[in-house]
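>>> Pasting the sequence and the predicted coordinates here, then a few questions.
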Amino acid sequence: MKLSALLPLALAAALVGLLARGLLQHDAQAEPPSPLIGKPAPALDLQRLGGDGTAAPQGEVWVLNVFASWCAPCRAELPVLGELASQAGVRIVGLDYRDTAEQGAAFLRRHGDPYALTLLDPQGRGSLAWGVTGVPETFVIDRRGIVRLRHTGPVTAEDLQQRLLPLIKKLQHA
Amino acid sequence: MIGELGQFALLLALAAAVAQAVLPLWGAQRGQRRWMALARPLAAVGFVLLSTALAALVASFVQVDTSLAYVAANASQELPLGYRITATWGGHEGSLLLWAWMLSAWGALVAARSAALPAAFAARVQGVLGFVAAGFLAFIAFTSNPFGRLLPAPTEGRDLNPLLQDPGMAAHPPLLYLGYVGFAVGFAFAVAALLEDELSPRWTRWARPWVLAAWSALTAGIGLGSFWAYYELGWGGFWFWDAVENAAFMPWLLGTALIHSLAVAEKRPGFLRWSLLLALLSFSLSLLGTFLVRSGVVSSVHAFASDPARGLFILALLAVSVGGSLALYAWRAHRAPPAERFALGSRESLLLLNNLLLATATATVLLGTLYPLAAEVLGGLRLSVGAPYFDTVFPPLMLPLVALMVLGPLVPWARARWAGLRRWLPVALGALAAAVALALGLQASLWTAAGLAAGLWAWVGTLLLAWQQRRAWRQELPLWLAHAGVAVFVLGVTLVRSLEQTHDLQLAPGEQARVGAQGLVFQRLEAVNGPNYRAARATLSWQRDGAAPLQLEPEKRVYGRRQMVMTEAAISRGPWRDVYVSLGDAAADGRWALRVQIKPFMSWVWAGVLAMTAGGLWAVAARRRRPALAPQQLEPTPLSVPTLSTP
Amino acid sequence: MRSLGAALLLSASLAVQASDLDQRVERLARELRCVVCNGQSVAESNAQLALDMKALLREGLAAGRSEDELRAELVQRYGEQVLFRPGLHAGTAPLWFGPLALLAAGGLIYWRQARREGPVRKGPA
């Protein structure tokens, strides 16, 4: 048996191995880590819808939440965000994706407003700058302005207790 | 009731396949005539049973029997009859049943025509085919059963995906599978040859018409898929290097190398091992493609819903078939007669280059397709590899091949005689000069010039060759057709890619615009109702100065059941250019977005594919018409012409 | 023949008339992946994100920024997966050098086969 005759078999075996690993390990739905993690938070130069203060407060841990009036999960997570704001004592900045001022204001009036500051993003530029792929998405930024976490999808009570609160507490005492 | 009949037939077919896999192979190994003689009847029985199962599924679709889960997911009462039939293979389960049916049809055909083959060999071939069939039927029966019941049955079905409600889609999977699955025959012949006591080249003579037929069908199937994507998807592209497209393209590339190797393997022992390996690998790539499309490991616009459990099953089937056959190759291929020496520049060397370039191209496509998966699994990286990558690496591999293609029939066997080629040098230089001139005139890129040069050289070279060999046209026509097809295809793709123009307009009904020397008038917009959709249809008049106006009617359709919006492009085809218009969205002020594309030489792409298919089919037909030949007539020999040397 | 000449001239003239910016946006959009779609490019997709990206590209190119700059910015936001033709670095070396390596291997096989000793064919082929 010549070595060269074994080569096709060896290559095929390697390929099958790779595919098997890919099948078992690959989760197409898994959320890809944000490339912004560990990098400075992008600027938010957008029109204010409501609330006050600056968008990216230096020296404190803060949270960015991207939402839209036509997004049902966004509505569902509003109370949880309220909890987050009070329990962690943290500022939540809301980024209203692709809404008019009227739509955004009406949404918050009807369903509650956990945001210390709400910004309007009618063209989606702000979201593009943050690498947003859908609504809702939530980011945690530390005291030095570095992005530390991105959470895609609505924040559930479980996410709050197990992911967000521990991280924020840690960052606040760092 | 029909569903139960289909289910029953399916399970019986599985049993028959298992029998077909075991008994004839064992019989051939032991020299037991009775077991070997079971091969052909079992193949016939399997075919009848699977035809019954497929017919039962089609009947269930025609009746819209929503108590079958698969039918409920892919049909509706409003679906027109024709599409009810083709919806049978519109989803994973049904298309797999079609796959299995194709395999049994090929097997039955081979059984019917193998009376002249030695009994042991024919038995082995059927045994291998039975093994593959058993694997697929088990997969269908246990993980992807189209006859599964959904109780209580929904009153309405989900309707067929609107993308698939189209004549092109009706024909594309059957034609594609005809080719894709047809390579199993070559695979079976190669395995049977390896199992024989003596490894002789005669199997290549028997295998050749089957492989040519499968190759022709695959060429047509891929071409039809592109043709359909072109008019159906609405943005004018026809090849996207999508994983599913690549899955069909890789077997085609190796299959091309295979048909060239088979043509000469009987007299050139060096190509016997190539033929064996290529036959095994082509079908292996077909199996790999089936895996990629249905397992979800690679993302694709075409992919069926993914399911890792199913993926593992196919992977196991792949591992056993491919691993087993390649292990057999490693173990027994060395018994092939030794290759003879040939010079660089001889016809053997060019055929070898052909195989190497095609193999490299295939491996490159495989690399690009699987790289994102490998990078993630092995390195945790998230990458995408798409059309821009393939467009960069693939042409440099293919263009030299196209250029060498012309030389193949011109050079002698075994020796290199450059003197004979001197007459062709002016032709080559002329093609190069014309290409460069055209590229400069059009302000096009270097690659456009290269593509034009290769295409022109291949085109003119093939025409001249045909003229020289014209008296042997009955034998040589397949080669001329296929090679001319490649030339025309390369020219078409090169020209359309470098010359196409896209214009985005905003027009309201009644308005008009000028596009270069053409005028476009938006005459009217009307609401149209189809059997299962509502559409907005625009009527446009495209006027070239001095020519009669063309009417174009692009549509935007909303299919009610699935809430899908489809863009139906309007295409005016011509030998020199296509005009492609698609309707975008309406703006608030009543204006519609219109995309107008002008694609020069687009039809040449389809013409090239048709010519290649025709060449392959002619070769199959011609082989059958030819009576038993003396050995030296087995491959096309150019008639004595001064520039070609006679060995 | 006249139609052929006309077709080529037409294409050449249109090359000058069609908006250069449109073409640049289209070309760049073809190289970028729509990350919320199933494998489509930004050019092909009608998803909101893809449309937003196209608008960003158009604005950027019109303002004089280069294609490389815009590509780099999107990679910063969305990761390398947004490029359909990944850059050359350690993680993509096999991808870019692979075809060359395969060609070289093929060349080696070709060289060895054609120079090997073996029986010479006698008589007519």
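Perfect, I can see it now.
>>> Please make it C-alpha for all contacts and neighbour counts, starting now.
Will do.
>>> which residue ranges form the helices in the stretch 51-200 of chain B?
If DSSP state H, counting those that start in this stretch is used as the criterion, the helices of the stretch 51-200 of chain B fall at B:69-74, B:81-86, B:92-112, B:119-143, B:167-195.
>>> and these as CSV, adding mean neighbour count and mean pLDDT?
Output for the helices of the stretch 51-200 of chain B, formatted as CSV (neighbours: other Cα atoms under 10 Å in any protein chain shown; pLDDT from 0 to 100):
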stretch, mean neighbour count, mean pLDDT
helix B:69-74, 24, 90
helix B:81-86, 20, 90
helix B:92-112, 23, 95
helix B:119-143, 24, 95
helix B:167-195, 24, 93
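>>> Make JSON lines out of those helices and add distance to residue B:572.
Shown next, in JSON lines, are the helices of the stretch 51-200 of chain B (distance: least, Cα to Cα, whole Å):
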{"stretch": "helix B:69-74", "distance to residue B:572": "32"}
{"stretch": "helix B:81-86", "distance to residue B:572": "25"}
{"stretch": "helix B:92-112", "distance to residue B:572": "32"}
{"stretch": "helix B:119-143", "distance to residue B:572": "43"}
{"stretch": "helix B:167-195", "distance to residue B:572": "17"}
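>>> Quick one: closest of those to chain C.
helix B:92-112 (17.8 Å; Cα to the nearest Cα).
>>> same for the closest one, what does it pack against?
Counting contacts by 3 or more Cα pairs under 8 Å, 6 or more residues apart in numbering or on different chains; DSSP states H and E, helix B:92-112 packs against helix B:39-62, helix B:119-143, helix B:167-195.
>>> Export those as JSON lines, with columns for distance to residue B:443.
Shown next, in JSON lines, are those (distance: least, Cα to Cα, whole Å):
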{"stretch": "helix B:39-62", "distance to residue B:443": "54"}
{"stretch": "helix B:119-143", "distance to residue B:443": "52"}
{"stretch": "helix B:167-195", "distance to residue B:443": "36"}
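>>> mind putting those helices in JSON lines, distance to chain C included?
What follows is the helices and strands packed on helix B:92-112, written out as JSON lines (distance: least, Cα to the nearest Cα, whole Å):
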{"stretch": "helix B:39-62", "distance to chain C": "29"}
{"stretch": "helix B:119-143", "distance to chain C": "25"}
{"stretch": "helix B:167-195", "distance to chain C": "20"}
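>>> mind listing what residue B:226 touches?
Going by Cα atoms under 8 Å, 6 or more residues apart in numbering or on different chains, residue B:226 touches B:238, B:239.
>>> mind checking how far it is from residue B:420?
40 Å (Cα to Cα, to the nearest Å).
>>> can you list the residues of chain B near chain A?
Neighbours of chain A within chain B, by Cα under 8 Å from any Cα of the partner chain: B:295-297, B:308, B:311-312, B:315, B:319, B:322-323, B:326-327, B:329-334, B:373-374, B:377.
>>> Just to be sure, residue B:461 is in a helix?
Yes: per DSSP: H, G, I helix; E, B strand; the rest coil, residue B:461 lies within a helix segment.
>>> ok, back up a step: restricted to helices, list the residues of chain B next to chain A.
Members of the residues of chain B next to chain A lying in helices (criterion: DSSP state H): B:295, B:308, B:311-312, B:315, B:319, B:322-323, B:326-327, B:329-332, B:373-374, B:377.
>>> Give me the buried entries from those residues.
B:295, B:308, B:311-312, B:315, B:319, B:322-323, B:326-327, B:329-330, B:332, B:373-374, B:377 (16 or more other Cα atoms under 10 Å in any protein chain shown).
>>> quick one: which of those residues is nearest chain C?
For these, the nearest to chain C is residue B:374 (10.5 Å; Cα to the nearest Cα).
>>> quick one: contacts for the closest one?
Residue B:374 is in contact with A:18, A:22, counting by Cα under 8 Å, 6+ apart.
>>> where exactly do the helices run in the chain?
No chain was given, so I picked chain A. Counting by DSSP H, the helices of chain A are A:3-25, A:72-88, A:101-111, A:125-129, A:157-159, A:165-173.
>>> wait, chain C
Going by DSSP H, chain C shows helices at C:2-17, C:20-31, C:48-62, C:67-78, C:93-115.
>>> count of residues packed around the residue of chain A found nearest chain B?
Proximity to chain B, evaluated over chain A using Cα to the nearest Cα, is greatest for residue A:5 at 4.7 Å. Other residues lying near residue A:5 total 20 when counted by other Cα atoms under 10 Å in any protein chain shown.
>>> Specify the residue ranges that define each domain of chain C.
Per automatic domain parsing, the structural domains of chain C span C:18-84, C:87-115.
>>> The residue in chain C that chain B sits nearest to and residue B:138, how far apart?
Among all residues of chain C, residue C:81 sits closest to chain B, at 4.2 Å; criterion: Cα to the nearest Cα. Remark: distance between residue C:81 and residue B:138 (Cα to Cα) = 38 Å.
>>> can you pull the pLDDT of the nearest residue to the residue of chain A closest to chain B once chain neighbours are set aside?
In space, and not counting its chain neighbours, residue A:5 is closest to residue B:330: 4.7 Å by Cα to Cα, 6 or more residues apart in numbering or on different chains. Note on residue B:330: pLDDT of 94.
>>> Am I right that residue B:330 is in contact with residue B:191?
No: Residue B:330 lies out of contact with residue B:191 (Cα atoms under 8 Å); the separation is 11.8 Å.
>>> mind checking the SS state of residue B:237?
Taking three-state DSSP, the label given to residue B:237 is coil.
>>> And it, how far from residue B:227?
Residue B:237 is 9 Å from residue B:227, by Cα to Cα.
>>> These two: which is more packed in?
Higher neighbour count among residue B:237 and residue B:227: residue B:227, with 18 against 14, using other Cα under 10 Å.
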